[in-house]
Each structure stands twice: as C-alpha cells, then as structure tokens.
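Engineer: Provided below are the primary sequence and the corresponding predicted coordinates.
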Amino acid sequence: QVQLVESGGGLVQPGGSLRLSCAASGNIFAIYTMGWYRQAPGKQRELVASMTNIGSTTYGDSVKGRFTISRDNAKTTLYLQMNSLKPEDTAVYYCQYRMLLTSQNSPQDYWGQGTQVTVSS
C-alpha cells in the first residue's frame, strides 16, 4: 500500500559529501513526521534528523552543523545533505515517515529499506 524508496548512499572519503533521498508512494492521506535514522554495526539505531509537517527540524548532536534535512514541495520526498563526512558517520541510513494511509484510522510508522553510507579513505 505504501513504499519508501531510498537512494544516494555509497562510499565517500572523509570530508566529502553525499545526499540521500527517500521517496514515498502509495495511498497516503497525510504525513506527520519524516526523519532519518542510522545504525552502525554493533550499535543501536539513532536519530540523525527529523522534520515535522510544519517544517520544524531536529538534529542529533553528532551531525549538527554538517547535515541538513529537507523535503520537496510536494512534501513526499525527504532529503539528507551530508557534508564534512567522518568515518564515524559510517552506517546504514533509514528514512522513517509517520503517515496516515487512506485505508487506516490511525497513523503508523513506515521505514525505508536502508542505504549504506561508508566514509573511508
């Protein structure tokens, strides 16, 4: 009924940049929050950045000033611009939307498939 498709991961050298995208499709009635999370091997999944439906943003302390979350005008595609990347940013990155589908009575959390980001020289 709904899909979140991520793209943009890859291998980059320290100090480099990457831009992740997450496109939503399906029977979407409303999107309440959108966010990026990451999970490194042996670590818990952590919040990278999030955005509410009115555009308020939150960033994890480790990425403040380096990463920027944004969305398209249709408010269905989410982006994460990552600059000044560090080896410790290496992880699988997941997008997450809290959405209400046309077939549902309450919003649910939906996750993308994940995209690998590797920062290494």
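Structural biologist: Received it, and whenever you're ready, just let me know what you need. Everything quoted here is computed from the prediction, not taken from an experiment.
Engineer: contacts and neighbour counts: CA atoms only from here.
Structural biologist: Noted.
Engineer: can you map out the strands along the chain?
Structural biologist: In the chain, the segments counted as strands under DSSP state E are 2-7, 10-12, 18-26, 28-39, 46-52, 57-59, 67-71, 77-82, 91-101, 108-111, 115-119.
Engineer: Could you name the helices and strands sitting against the longest one?
Structural biologist: I take that to be strand 28-39. Secondary-structure packing of strand 28-39 (3 or more Cα pairs under 8 Å, 6 or more residues apart in numbering; DSSP states H and E): strand 46-52, strand 77-82, strand 91-101.
Engineer: residue contacts, the closest residue to residue 103 other than its chain neighbours?
Structural biologist: In space, and not counting its chain neighbours, residue 103 is closest to residue 27: 7.7 Å by Cα to Cα, 6 or more residues apart in numbering. Residue 27 is in contact with 1, 2, 101, 102, 103, counting by Cα atoms under 8 Å, 6 or more residues apart in numbering.
Engineer: Just want the most central residue of the protein.
Structural biologist: residue 36 (2.7 Å; Cα atoms, centre = their mean).
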